[in-house]
Every structure is written in C-alpha cells, then in structure tokens.
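Engineer: give me coordinates for this.
(2 chains)
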Amino acid sequence: MIQPAARAYDARKSEPEIQAWWQTSDTYEKVKQLRSGARPWYFLDGPPYASGAIHLGTAWNKIIKDALLRYASMRGLNVLRQPGWDCHGLPIEVKVEEKLGIKTKKEIEQRVGVEKFIKRCKQWALDHVALMTEQFKRLGVWMDWDNPYVTFTNDFIESAWWTLKRAHERGLMRKDLRVIHWCPRCETALAEHEVRGEYYDVKDPSLFARFKLRDRPNEYLLVWTTTPWTLPADMAVCVHPEHAYARVAVGNEVYILAEALVEKVMKELGIEEYRVLDSKEGRGLRGLRYKHPLLGEVPKQSGYVQHHRVICGEHVTLEEGTGCVHTAPGHGEEDFAIGARHGLPVFSPVGPDGKFTQDAGKYRGMFVKDADRVILDDLRRKGVLMKHGVITHTYPHCWRCRTPLLFRATDQWFLSVSELKPKILEKNAERVRWVPDWAATRYVNGVESVGDWCISRQRYWGIPLPIWVCQRCRETIVIGSLEELKGAAKESIGEIDLHRPDVDRVTLRCGRCGAEAKRVPDVLDVWFDSGIASWASLGYPKRSERFEQLWPSEFITEGEDQVTKWFYSQQVVSVVAFDEMPYKIVLMHGFALDEHGRKMSKSRGNVIDPQEVIDKYGADVLRFYMLSAGPPWEDLRFGWKGVDIVARMLNVLWNVHVFATTYMALDEFDPKKIDLERVRENFMPEDSWMISRINSVTRDATEAFQKFDLHHAARTLASFVLEDLSRWYVRLVRERVWIERDDPRKLAAYVVLYQAIHTLVRLLAPIMPYVAEVMYRDMVKAADAGAPESVHMLPWPSIDERAIDAKLERGMSIVRAFVEGGAAVRQQAQLKLRWPVSKVLIRTSSSEAKSALRGLQGVLQGQLNCKELVLLGPGEQSAEFRLVTKPNTQRLQERLGRLSQPVIDTLQKMDVFRLGAEVQRYGFAGLQIEGQKVSISSEELSFEEELQEGFAAVSTEFGRIAIDSRMTPELQAECLARELVRRLQTMRKELDLAMEEQIDVVVGTEVDEYIKLLATQQDYLSREVRARNLRICRASEVEEPGYMKEWNVDGDRFKLLVKRLPA
RNA sequence: GGGCCCGUAGCUCAGCUUGGCUGGAGCGCUCGGCUGAUAACCGGGAGGUCCGGGGUUCGAAUCCCCGCGGGCCCA
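Structural biologist: You can find the predicted model right below:
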C-alpha cells in the first residue's frame, strides 16, 4: 500500500537514515552483485592526498564521479569503483615534522629516528583515510570503501619497483648530474611539475656589475643579475651570437653591452655622458677573457680561470639586463645546458641545507640568501658594482613549505621522458578521448614543453628507489619485487616492510664483482606512485588476471590542474611499462571557486566546507547544485543563493510527491491492479502529454549523461519537476483527484503520476541518491513487495519513442502561452483567476498554432476559466474582436479628390488580411476604381484592432487573446461561491479536519440578493467543502453551536458556520 | 612571452557546434494572486551596446581577424 509521504522532507534527518539503511541491508553490495555478470567497466579513481579534511573541490570531484558511476551502473555495466588514496610524500612528512616539533631534516635521523618517523607518517595517512572516507560516504558516494587501493602497501610498492625495473631494462632510467629545483628546508629535489604553479612574487636584489676584461685595459663586460649568491659559481658570460653589441665609452672606461639596451641601461645607471664607439655581432666577442669578480674570495675559482670567457647562446634575450648574461652552470637550468655544450665545470658550492660549502671560500657556512648582502658589499668595495636596486619578480617556491627554491647541481635519477615523448603523443592522439576536446590541445602543449622527469627525492616517507649500487665496481642493480630482493640479499630478510629504514639495511652481493652493494637512499617522487595506479591498484604484476581483463581503464576524471600532473604521469609510466595508454576517456573538470571567481584559500577566509552545506541543506542539494551549476569542465563559482534555489526545487519535488502519495493512499490506489488498457481509454489530453514529456525528458537526460553534460541532465530534470510536473500537470489533475468515486479519469491521473514519478526517481538517482531512494520507497516499494528494495538496483529507464508526441508537446506549450496571456489580461482588467468569465477569444498567428491546439481546447478553456472559448486562425474575424482597415481619409482626399470616397469604400470592403498582406509585401495595394488603376501606399492606410466594449486583449508568442470582462449575475454567483469555498476550506483546516471528513455548513449574508444568487450554487458549494447539509440565510439567523467566523468578501460581510459531524 | 578557456539582464548562467523570425531561465527588484502541496507556492512587469572594433554575409550573440578584461596552465 502506498503510504502518504511525510509533510516536509528533512534531508538532515532522512539522509543519515537512508545511509544507515544502505549499510545494514548491504545495498551497495547487492547492486554490485546484480551487475556482476555484466560487461566490466573499469573506472580508475584519481587518489586524493590523504592529509586533512576534504574541501569543496574534493567533494565536487567525487560527486561527479559518483553521478557518472551510478549512471553507468544503472545502464547495466559492471562498474569497478575502487577508491584510491595517495599516501606518501612530503606533505605528510611536513605535518608529522610539525607534530614532532622537528625543524630540520637532520633531526629526523638524529633525534627521532627514521623508523619512528615512518611509523608516524603511516599512522597519519591511515587516520586521514578514515576521516575522509566518512566524509565521502556522507556525500552519498558509493565506492568500495572497505577495499581501497593505498599507495603504501608492499604490493603497491612492488608494482612501482617492477615498473622501475622495466624502465631500467629499457634504458630509460639513468643517474645524472643535473641542476634542479631544490628546497633548502625540506632538503630535497623537486620535479618540474611540482614547481608548476608555485611561482610567487618576491623582492630580490637587482644589480649591474662590471667584469674587467683581461686583454683590454679599461674595458668591461656589463652584467646584470638578481641572484648575487650565484656569482661565486660564475663560470662564463653569455652573449647572443647574432645581436649587436656596442662598446660604450664613459669617461676613460669602455663598457660592452647589447646595442639595443644602451640607452635604457645608461639611463638606469644614471650615466648621462657616454659615447657609442662601435658595435658588432655578439659572436665577435667570443673568447674574450675576463677577470672573475670574486677570485680572491673564492680561491677555488683560481683553478677555473681558463673558463672565464665570453661564450655564445641563443637563449640570451634583450628584454631585461644588458645582453651579457652571467652564467653559473651549477645554479641555473639554461646555464647548465649551455655550460655542458661549452665544457664548463659544474661548480655548485652549496650544500643541501642551502648553505655555502667549503668550496665557497669566504662565504662558507652562510645561507645563500643571507650571503647576498655580503657579496654585494664585496663587489662594491672592489669597484665591480655599478648599481644595486630591488626588483619584484616571480620566483619558484616549495609547494609544501613555501620556501623560495634554489637551483643546485646534484646527482638525481631521471626517466628519459624526452625519448618517450613521440610515443606518448602518438598513442594519446590514437587512443584517448578528451572531454572537453580542447583539453587535449592543452595537454599536448604541456607534454611538448616538458623535459626529463626527475624521480628521486632525498626524503623518507615514500617508495624507496629499488636501486642498489656496488660499492666497488659501481654496478647498478634494480630490484623488481620483494621475492627478487630476498633472492639477492646477502642475508635472509624475511617479510619486511618495504619502506625505509628496513630496506636501507638490506645489502646485496654484486653479481659482477661479488662486492657489497648498497641501496641508493632516495625515495620516489609521489607522482610516480599515482602514475602506476591503473595497474598497481589491480595488483599487477603479482596477479595478472584482473589486469588482463580490465586494463586500460575506461574512464578517469580529475581537476584541470591534473592535466600536466596525473593525466600526464600516468601516460609516461604506462608507456614505459606497456607502450600503451592507461585510460580511454578522460574528463577534465574545473576548480571550485568562491562566488567572485577567486580561489578558495584559508588566508582569504573564503573557504566553504562541504560539511557546512550538508548541515544546512543535505548532500542531495549540494550534489544537485554542483552538478547543475555549470558544465563540469568550467570553474564553478560557489554561491549560497544557487544552493538555495536547488533546495526549493527539491521542496517542490517533494510537494508533488506528497500530493501524489496522499491521494493515492486515500483512494487505496494499487498500481499492480491496474488494467492499463482501460485506463488508457480514459486518458485526458494532459495525461498523454505527461507520458510524452517523461519520455522526452528521459531521452534528453540520457543524451546529456552520455556526453558528460551533467549540467544539462540536471537542468532538464529540474525544469521537468518545476514546469511540467508541478506547475502544469498537478495543476491540471487537481480537480480530478478530488472526485470521490472510483472514477476512471481519476485512476488515469494516478497511473500517469505513478509512472512519471517512478521514472523520475530513476533519472534522479545518480544525482540525488537519497531523496530518490525515499520517494521510491514511499511510492513504488510500498505498493509492490516484489519490487527491488532500492531504487539503485533498478535499470536506467528506457525510452518509449512511440509515446513521444512532439505535436502534442508543442500544442501544450502553446496552451500554456495563452494561459499566461490570459493571466496578463485578467491582471489588466482586474479579474481574479478564480472568477469565471463568459467569453475568451484567441486568434493564433499561424494556422499551425491553431491546429496544434486542436484536441487541447478543453484544457485551454478550463485553465482560462471561461464559459465560452472562440478559436480563430490567422485571417479569421469575429464580431467582438476584429481587425479593420483605416484609410487615411485626409491624405487620400488630398491626392485623389473626387475619387477618394469610392476608394475608401472599396478599401473598407476588402478583406483586411489580404489587403494587409499585400501592403506588407509590396509596400502598396493596387485597386481598380471606375475604370482607373489606383495605387494605395502604406502611408495612406493603417490597420486597427477593434475590440468590443468590455473586452481586453494582449499579445503572446503565438497570437492574441481577448477576454470579456463584463460581469453577469450568473458569473457573480459563481465568483461569490468560489470566494466562500476558499474561506470554508480555511475553516476546515483550522478545525484540523481530515480531508475526507464531512461537515454541516451555514452561510449567512447581509445582502438579500446574494441568498438568491448563492442558491444556484448550492451543489457546487456542498461538493467542494464536503458538506452534508448546507444552508444559506441571513447573517442574523446564523447560530452556534459550531465553528463560526465572520468574513469580508470584496466589501460584503459574511458569517460562516462549520459544524463537525459526530464520527 | 606562449597555449587553452571565459566575457550575454544588477547577480549566477543557457543559447554559439549547424548564422535567420521578438536573445531565454533562475535569483534579486517590483506589482499582484493563491491558501487542503502551505515555515510553501503561483502569476504579471520593468531590466540587455550579447566586452570593444573591424571583416564575411541579404542577415552575426553565433563564423573570421584585431584589441580589451578575467581565469587556468606553462615560460
């Protein structure tokens, strides 16, 4: 039996209840079971980082995934939805350091010990996995929460090792001295992609220095730099080979700099008197030797004097500086590259902690940025410094601790991405579908600009590099699994945890020379961890069955920042391991921003906690809001107003549900016992229309889901609920539902409502899983014990194309346009909607519109609340509402004189519509008057609408509508009756009467003629208020007992009495 | 400096792929209605240089070019 739904829907109460029920009845497992035999569909979850609570962006990400996965599951696919957790890496290390009060890297090894540190990191990750899992569950996200993939398990680590071994075997991994970004606080290298997006404005010194040439007296190279601390490592000065360089005389001295920059630089240096001596291409300067400015301070440089020369490089620009670029191969990427080409030594006298080493001579022990000042002083003292200022520019920072990064030359391990690039791009173009398609362009541009991937980190909490190096012959051994390690280890190791410090202790015997091999102490870049997720999460290579069945994954979706991160790292390692793409479809989604389009950040104080939204509105509203706010791939501006609108939509949806279940329950409607054929015979036009609509909506929503246009799916559903279901269908069937007998037309309305809601809850299920479940339970499950227990076990609704009647839908929208027009006329004429009118005239602007209305006149007339409806097509006239020709008498007389009168007579006799069409088409009309041809221009006549007295009219999209606003005694009686019904209903409600309960009523009025008028409405009144006896009399005759109330109805006083009947 | 995206009502966004009749919705504003779906709901109205300029076309919010402004990614 269908049960009347709760009066109001309280998501905050219902959602946890439903969730608990899902839990106890194991609904998710049952759904999985149902699809277990179907075609597998491998979704790969991009693992969120297991640190801290979820934010709005994380919530959106999972909401998108959940909606699509629920949809895919309803479409009958066996969806694989294992959640992942990214657990390694610096962010967790930093948190644990904070907790343990650790300030430097040394303390980890010396004070705390690596073992304890790792233990704490793992615990931190586990705690946050648990915390975030609960938050995702509350969002209604259905995934295998009890069986996630976690990047710190031995299995996962072994997958990484296996992949690295593949890379090694293919010659794609190598150790190299490289200048890379280095964080002096975390004391580790950072990869290119870790630095992306981490450029912030900083203030740095800006200085001009002069380097004295050795072979030309009083001649100098003029050099500009913002990093004085790199001068101790200076090896050469680079100029552009093709740009012109000038020799500029200032007093007795000559400066060399780019000709194009002479004026600008001299101005900046404050030199007004100077003379350009000559100028030649940069390549002409090649080989000029100069005296290193800090030769005395950095003794080590004395060994390099043969290198201190001018070299040429294409990377030199003339945008800033002097065109003479100070080059320190140990401290800059470009410097390193050009240095390598010219055989310059990589001198990098800076330690991991950012302090100068022994090699830096005088500056030894100073932190490099602190040394800036000392170096500046030295330069000034030595007459090298020409000018010293401050510049604001963007500079890379550590993404975890915001420390400005340094460039430092160190030994690191690299994946040779440059070799793989062509393959990556080729396979990507061939195999991967990007949504939206322009994301692919963005991706390809990104890939084209990247270099090799530095995968080593000098840290602790990560996958240890499985690389052992022989202490004698330097042979490199890469281990691919724990088994392999056991076999190669010098001593038996048993089941160890594959993290540091356990693996650090394992030593191998070198296969080549037999000496001891020790592990390289580095760990892996975490982006490698997540990169291998598509097979590591399947347990490959240890177990290959699932991998062979499922890989590559069908679908992934993450935020736009992942284009150059996870989307990329996955493709790289996948090509390393398999020469294939790891996923087939990738949906890029946007960022969650605040309502002004700014990034949410703690410092701005504009962060929205998803929990806050859930507490106020529930998860369904948050989900629907985030999915409907815009296309997934555009940034989402979060605004509370938008959330509130969704909440109201949900409320209307619920009201429809309450309406339907209330009356169905009252009439003990049983959808199982319906003779559909008989019901269909009793369909009203609006019933067929509703069936057509629900099928159109199913079609539209399905198409939208297929295209990942989640916003269109959501908006289609919202508009269906509000416009079609609530504002139109329920409005049309309301009266039918009041019929008390078992009327077949009422039954028809129930059947249609039932079918509409039954379909609707399935369409809504992926977006609003909670309320869909509740509605399904109240209406479908309650009536049919044999129905599946959860809406999420049902298949996606199919589309009945035959039920879609485009003409009917169009006709109905025309009806609605005229009903709205009618409301506008009534407002003009001050006629309440409740008051019936005697006549309405409609003239459609096209014959199509008129024919579309055929069959819907009843609906139209009912909603227009009129006694008579006259439907006119274009060109049809009626006495009350006609178009007439108005010739411009004065003009015609002036031009035609005597002839004007017959012309006017003729014009007025002509068919106004044909005349109008002719004038509109040609600009004039031709007549034959008394044997003469006369041409009438459009200025000489006009057309006017003539409305009969008492009528009012407005235009709509489909034509004009006119209403007779005159009142008759009969109409007045009806109006009065309706006013009284409304008030009696209020009184019923105040008495808290059950809907079907009967009453006795006495209506008292002070106006005698009303007694006569109302007598004609006796039946109507009784029926509407469910009165057994209804008496109409003078107000003074109304006597208690009963509930009595006085009312003012449009200026007249009434006394109404309602008597409750004994049960 | 480069790549990609965005710019439509006071606000948030549809429409643009495939050019065409009067450019839509919600919110807000304003006026009104309804009261057995009711801490709701419904209707009317006002409100637009479709970022600017040029081009293609009979016709441009839509296609092309150039600017301006914003976002993201990269230098």
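
Engineer: using PDB, list the CA coordinates for stretch A:468-476.
Structural biologist: Output of stretch A:468-476 as PDB, limited to C-alpha atoms (Å, rounded to 0.1, in the frame of the first residue of the first chain):
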ATOM      1  CA  TRP A 468      71.500  -0.900  -5.300                       C
ATOM      2  CA  VAL A 469      75.000   0.200  -6.300                       C
ATOM      3  CA  CYS A 470      78.100  -1.900  -5.900                       C
ATOM      4  CA  GLN A 471      80.500  -0.200  -3.500                       C
ATOM      5  CA  ARG A 472      83.400  -1.500  -5.500                       C
ATOM      6  CA  CYS A 473      82.600  -1.600  -9.200                       C
ATOM      7  CA  ARG A 474      79.600   0.800  -9.200                       C
ATOM      8  CA  GLU A 475      77.400  -1.700 -10.900                       C
ATOM      9  CA  THR A 476      73.700  -0.700 -10.700                       C
END
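
Engineer: just the mean pLDDT for the biggest helix by length in chain A, thanks.
Structural biologist: Longest helix in chain A by number of residues, with DSSP state H as the criterion: helix A:640-666. In this model, helix A:640-666 has an average pLDDT of 89.

Engineer: who in the stretch 951-1063 of chain A is up against RNA strand B?
Structural biologist: Selection of the stretch 951-1063 of chain A residues close to RNA strand B by Cβ under 7 Å from any atom of the strand yields A:957, A:981-982, A:985-986, A:988-989, A:991, A:993-995, A:997. C-beta here means a position set from N, CA and C on the backbone, and glycine is covered the same way.

Engineer: swap in the stretch 801-950 of chain A?
Structural biologist: Proximity of the stretch 801-950 of chain A to RNA strand B, by Cβ under 7 Å from any atom of the strand, involves residues A:820, A:823-824, A:827, A:832-834, A:845.

Engineer: from those, list the buried ones, please.
Structural biologist: The neighbour-count test (16 or more other Cβ atoms under 10 Å) marks residue A:824 as buried among these.

Engineer: low-confidence ranges in chain A?
Structural biologist: Counting by pLDDT under 70, the ranges of chain A that qualify are A:191-198, A:400, A:595-598, A:601-605, A:740, A:920-923, A:1063.

Engineer: which residue of it sits farthest from its center?
Structural biologist: Residue farthest from the centre of chain A, counting by Cα atoms, centre = their mean, is residue A:898 at 75.9 Å.

Engineer: confirm that that one sits in a strand.
Structural biologist: No: under DSSP: H, G, I helix; E, B strand; the rest coil, residue A:898 sits outside any strand and is assigned helix.

Engineer: so which of the residues of the stretch 801-950 of chain A next to RNA strand B belong to helices?
Structural biologist: If you go by DSSP H, those have A:820, A:823-824, A:827 in helices.

Engineer: now the most centrally placed residue in chain A: which helix or strand?
Structural biologist: In chain A, the centroid-proximal residue (Cα atoms, centre = their mean) is residue A:632; its distance is 3.5 Å. Using DSSP states H and E, residue A:632 is not contained in any helix or strand.

Engineer: who's the closest residue to it other than its chain neighbours bridged to?
Structural biologist: Counting by Cβ to Cβ, 6 or more residues apart in numbering, residue A:632 lies nearest to residue A:589, which is 4.5 Å off, once chain neighbours are set aside. Beta-bridge pairing of residue A:589 under DSSP bridges involves residue A:559.

Engineer: and residue A:589, what does it touch?
Structural biologist: Shown in contact with residue A:589 (Cβ atoms under 8 Å, 6 or more residues apart in numbering): A:60-61, A:64, A:557-560, A:632-633.

Engineer: just the buried ones from these?
Structural biologist: Applying 16+ other Cβ under 10 Å to these, the neighbour count classes A:60-61, A:64, A:557-560, A:632-633 as buried.

Engineer: which ones among these come in contact with RNA strand B?
Structural biologist: By Cβ under 7 Å from any atom of the strand, the members of the buried ones among the contacts of residue A:589 lying near RNA strand B are residue A:560.

Engineer: for the longest helix of chain A, packing partners?
Structural biologist: In terms of contacts (3 or more Cβ pairs under 8 Å, 6 or more residues apart in numbering; DSSP states H and E), helix A:640-666 is packed against helix A:610-617, helix A:619-628, helix A:744-764, helix A:769-775.

Engineer: might one say that residue A:21 is in contact with residue A:27?
Structural biologist: Yes: between residue A:21 and residue A:27 there is a contact at 7.4 Å, judged by Cβ atoms under 8 Å.

Engineer: of these two, give the one with the bigger neighbour count.
Structural biologist: residue A:27 (21 against 14; other Cβ atoms under 10 Å).

Engineer: nearest residue to that one other than its sequence neighbours?
Structural biologist: Closest to residue A:27 by Cβ to Cβ, 6+ apart is residue A:790, at 4.8 Å.

Engineer: that neighbour: how many residues sit nearby?
Structural biologist: Using other Cβ under 10 Å, residue A:790 has 22 neighbouring residues.

Engineer: what sits against it?
Structural biologist: By Cβ under 8 Å, 6+ apart, residue A:790 lies in contact with A:22, A:25, A:27, A:30-31, A:773, A:776.
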